[in-house]
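Peer 1: The sequence and its predicted three-dimensional model are supplied below.
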Amino acid sequence: MEWVSEKVGQTVAIRVTGRMDAVTAPGFEQECGRWIDQGENDLMVDLSNLEYISSAGLRVILGTGKKLKNRGGSLAFGGMSPMVKEVFEISGFSAIFPIYDNLESALAAR
Amino acid sequence: MTPVPAPGKANGLAFRMALFILTSTTLIFGVAFGYNYVYSRDLMLKNVRENATHLTQALVRRIEGKLISVEQMPRYLARHLDNRNVTRHSLGVMIENMVAANRDIYGSTVAFEPYALDPEARYFAPYVYRNEIGGLVATHLGGDHYNYFLWDWYRLPRYLDRPVWSEPYFDEGGGNALMATYSHPFYDLSSGRPSFRGVVTADVSLEELKAAIGSVSLYQSGYTVLISRTGRFLAHRDPDRIMRDSIFSLAEALNLPALRRVGKDMIQGKEGFLRIDGLDGEGRVWLCFAPVPAIGWSVGVVIPEQALYADILALNHTVLLIGAAGFTLLLVVVVGISRSITRPLKSLVGATSEIAHGNLDISLPKIAVRDEVGQLSQSVDEMRLALKEYISHLTETTKARERIESELKIARSIQMNFLPKRFPPFPERREFDIFAVLEPAKQVGGDLYDFFFLDEDHLFFSIGDVSDKGVPAALFMAVTKTLMKGIAEQNRDPAEVLDRVNGELCHGNESSMFVTLFCAVLDLRSGRLCYSNAGHNPPLVLHRDGSQKWLALPPGLVLGGMEEAVYQSRELVMAPGDKLLLYTDGVTEAMNPEGAFYSEARLLAQAQEGVADSAESLVARVMASVRRFSAGAAQSDDITLLALSYKGTHASGGGGTSVI
Amino acid sequence: MLNRLISAGVLLLALLFGAGSGAFAADLLPLRFIPQWSPQSQFAGYYVALAKGYYEQHGLAVTILKGGPDAPASEALASGEADVATLFLSSGLQLRARGVPVVNVAQMVQRSALMLVAKKSKGILAPQDLEGKRVSLWDDFAVQPRAFFRRHGLYVDVIPQGYTLNLFLMDGVDAASAMYYNEYHTLLNAGLDPEELTTFHLADLGFNFPEDGIYCLAQTLAEYPEAMRGFVQASLEGWRDVFRHPEEALDIVMGHVRAANLPTNRVHQKWMLDQMAPLIFPPGDDTPPGFLEQDTYRTVAADLFEAEIINDTVPYRIFYDPRPSAR
């Protein structure tokens, strides 16, 4: 799994590609943690190019989301592949995280 | 481990070093010694040859000097007598004067041919000699008992027509003195052709010469010999040989043809310097010889080789002693050095042998010298430490792996112990048929399933999947299951159950661990199914007519995610013959070696085929299909299947299922 | 040279040896014996017989006188200075012809060792090569060579031979007389190799004059026949002893040689000793030791007569008495 992160205004945008599973998820968690430690509260993750997400991936997302929520921040997703979207739907994550069609519209909504 | 055999004495480094060094040293010493010996011997020989040659020349001059001084007077008298008649009286005076004039002359005669001077006398030879007290005595030679015409002193000059020195002889009358006679012929020249008239002689004692020559010595045991024309010894250090032995009789007695050849060279007037082997009691000798031309004799200087090389031999003995001492010293030094090298090596060998046997705590010998052996020792020590570290590391990793494996074992046992595994669980109940299987992954995935009666007619069942692996997942699973059972027994609404379980799990869940869970309560009388879901995959509904569909699920977040999460219950009425197939994502996401997922599509296809199966057969069919698909590839997640087949209270057919 | 005049010393030596053999024992018959030359192995049998007591065993107190050029045995025998002497057969015949009544009581040496030697370097390889050459011959032993020359029709310049072969060695003569057992070996020990020499062995060439025989005056034999027989028998025993124990014999000979201060050596005497055996006991000859064949006697006597060496001969039986040597 690879990612590119940049700061757009008040929001940190992270574009993720590949597979997020038990092996790759901790790296992503660290990336998010790095931004949070720098005081960023607004993370926008683009999962359009994520091929697969396992429960370990979900767990990282949940943990990061909870961390941000506790600090009054937010974790949102701009764009999601259908498969990932299905996982989010089943697991109920789509009910607790804002999900946008794409990163641009998500950033614009801020 | 093969023990390294200890090197034998002969293979030991010290021994070989000593052997090689000492052998080469001995060789070098031997060559140097040999060269020195040969060279000094040659030098010595050259020197000896010069000395011996000088000595023989000096002796030759001395002998010739004496002989020539004696020859003068007879020659003069013979010239005087040539063609001249003398009276008996004047002849006697002349002879007497001659003897008186030369002290070397012992006696003298003038011997005439028969009737040459006196027609009456066949023998006429007046003779004058010195007596013991030095007085001169006159007499006559010749008679019936002394036919001087037959004696060499007369015959040799007569028939050789020249003055001749006789072979030396012992004169019994002269006190057994060694004598030689010089004879000079004289002639009657009155007619045209000289005719022999007689000889003038002078007898000379050779005793003085013999003593002088005999006393000459060279190189301690060297001595001088004088031989006559016929090879007879005239002077020799062994007086018994004088006049009795000749060099040829000695050669015959000792069976030395070489000596005979030397003798021939000597009497033929040659000079030489050569070695003779096998001389009586003398071993090897060197002989230097030179002729005395005036008389045909030969002077020889004999030097026993032993005497010749006495100094060299003494020197050689010293050199050999020094060599032996040096050799011994070298031996000690070499042995010392090689010991000093091999002692640490030996202890090193012992230490490495210990190491080879696994004793890594042995302390290596301290070697102060920073030479190769020291470096070797240091390297061995480093190797020992590295080995020790490696082994301890290996032990640790082995321990860690064992721990992990034991943890996994614990996790698996936790997981398995919490699951109902007895099938059929309720053999007395005809209304339904339930079967479940959980195939744990190597790393326990935290899947769970459960079923139990809430009362006589209501069956609670569930399936779930913890988001972590290993012991934490197993514990989380155990907690979830326990909570769920405890809560379900008090509250039959699945949504309520999930809500309360969620609340408990969220409490202090720092690690964001969560579990997806589907749970349902089936009323066995009516077939009414009340269910709720917390982020789990939708179960598959298989109708008796062969149609199938995914169970429509209410939204619901995974358990343990957020405390605020809300769950809803839904209902479905199952007709007898309908089946439910619950599964975890370990089934749909089972991977084949190429990395492809098993997928929902394959699950649907299998369910289609197993529409008439019992719950157990259905599970088995799907599991077999998954196994075929994965083709032995290791699975990262647990695979869990639960099938429930509803048969109705009296197995009577009912209407289709319907959502209330 | 003075020694040549003095013969008294010889008597002194003889007395010394005589004393050792118990010459003065009352029951032994004193007998003076003179060999015809200086002490050497040629007479080993007599020295050994004396030293080992064979003469004593035959009742004789023998005194051996010293022979040699200045003490001719024939003269000693004729003058009565010696009772018994050894002489060559030709010398015995001459002595008898001169009127000295000597009798041969044993012919000890059957074969002649007389020879002529010449240097090959002088071109002498065969008898013909002696033509016109200067040859030295012993006056006493010239008959055989002269007969040899006659047979080959050679003219040879003969000069008298002295007491040594030095003239020959110094090339003063081309050929010389020699005894195989003596002078021939002297030549070898003066540095001449056998290969350098041409030799003419007169016995092999048909001129065999038997040599050493034991002689006494007829009167002596008549008065002391047993003593003469005892002397001959003891001498033969002495000779047999010599060839049984040659080294012992050589020791005894060398004792006499040293006493006479003679310029000879053991090697030479050994050579001489080795040559004596076939002369005294010729192999393959059935003539009894000491026997003089009548034919031989006649031949030698005739040759001497013909050579005008003798002008008178006596009958074989008068010249030779076989009884002393008979067993």
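Peer 2: The structure has been received and is ready for your questions.

Peer 1: OK, contacts around residue 99?
Peer 2: Answering for chain A, as no chain was given. Counting by Cβ atoms under 8 Å, 6 or more residues apart in numbering or on different chains, A:I99 touches A:A76, A:F77, A:M80, A:K85, A:F88. In short, each C-beta sits where N, CA and C put it, glycine included.

Peer 1: look at chain B instead
Peer 2: So B:V99 contacts B:I105, B:Y106, B:G107, B:S108, B:V128, B:Y129, B:R130, B:L136 (Cβ under 8 Å, 6+ apart).

Peer 1: and of the contacts of A:I99, the nearest to C:G132?
Peer 2: In terms of Cβ to Cβ, no member of the contacts of A:I99 lies closer to C:G132 than A:M80, at 159.3 Å.

Peer 1: Specify the beta-bridge partners of the closest one.
Peer 2: A:L47 (DSSP bridges).

Peer 1: List the buried residues for stretch C:270-282?
Peer 2: If you call a residue buried by 16 or more other Cβ atoms under 10 Å in any protein chain shown, then stretch C:270-282 has these buried ones: C:K270, C:W271, C:M272, C:L273, C:Q275, C:M276, C:P278, C:L279, C:I280, C:F281.

Peer 1: Show only the entries of these found in helices.
Peer 2: C:K270, C:W271, C:M272, C:L273, C:Q275, C:M276, C:P278, C:L279, C:I280 (DSSP state H).

Peer 1: show me the residues around the first one that make contact.
Peer 2: This means C:K270. C:S41, C:P246, C:L250.

Peer 1: Over to the fourth one?
Peer 2: Applying Cβ under 8 Å, 6+ apart, we find C:L273 in contact with C:S41, C:A44, C:V242, C:P246, C:A249, C:L250, C:V253.

Peer 1: how near is it to B:L45?
Peer 2: 42 Å (Cβ to Cβ, to the nearest Å).

Peer 1: At the geometric centre of the chain, which residue do we find?
Peer 2: By default, I'm working from chain A. The centre of chain A sits closest to A:V45, judged by Cα atoms, centre = their mean, with a distance of 3.7 Å.

Peer 1: actually chain C
Peer 2: Note: chain C centre (Cα atoms, centre = their mean) maps to C:D212, 4.2 Å.

Peer 1: one step back: surely the residue nearest to the centre of chain A touches A:S74?
Peer 2: No - applying Cβ atoms under 8 Å, one finds A:V45 not in contact with A:S74, separated by 11.2 Å.

Peer 1: okay, and the common contacts of the two?
Peer 2: With Cβ under 8 Å, 6+ apart applied, the contact sets of A:V45 and A:S74 do not overlap.

Peer 1: I'd like the buried residues of stretch C:270-282 laid out as a markdown table, including pLDDT.
Peer 2: Formatted as a markdown table, those follow (pLDDT from 0 to 100):
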| residue | pLDDT |
| --- | --- |
| C:K270 | 94 |
| C:W271 | 94 |
| C:M272 | 95 |
| C:L273 | 94 |
| C:Q275 | 92 |
| C:M276 | 92 |
| C:P278 | 88 |
| C:L279 | 88 |
| C:I280 | 89 |
| C:F281 | 87 |
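
Peer 1: On the three-state scheme, the residue of the stretch 101-250 of chain C found nearest chain B is what?
Peer 2: Relative to chain B, the nearest point of the stretch 101-250 of chain C is C:A190 (3.7 Å; Cβ to the nearest Cβ). Three-state assignment for C:A190 (DSSP: H, G, I helix; E, B strand; the rest coil): coil.

Peer 1: Quick one: neighbours of it, just the number.
Peer 2: The tally of other residues near C:A190 (other Cβ atoms under 10 Å in any protein chain shown) stands at 25.

Peer 1: same thing with B:H458?
Peer 2: When counting by other Cβ under 10 Å, one arrives at 17 neighbours for B:H458.

Peer 1: Which neighbouring residues are in contact with it, exactly?
Peer 2: B:R492, B:V521, B:L522, B:D523, B:L524.

Peer 1: In three-state terms, how would the closest residue to chain C within chain A be classified?
Peer 2: For chain A, the residue closest to chain C is A:V23, as judged by Cβ to the nearest Cβ, at 119.7 Å. Three-state assignment for A:V23 (three-state DSSP): coil.

Peer 1: Could I get the full set of helices for chain B?
Peer 2: Counting by DSSP H, the helices of chain B are B:13-81, B:88-101, B:152-160, B:207-215, B:247-254, B:257-267, B:305-308, B:310-356, B:372-418, B:470-488, B:494-506, B:585-588, B:599-609, B:615-630.

Peer 1: Next: chain C.
Peer 2: So, for chain C - with DSSP H - the helices run C:8-20, C:44-51, C:54-57, C:73-79, C:89-97, C:143-151, C:166-169, C:183-188, C:218-223, C:225-244, C:246-259, C:266-280, C:294-306, C:316-319.
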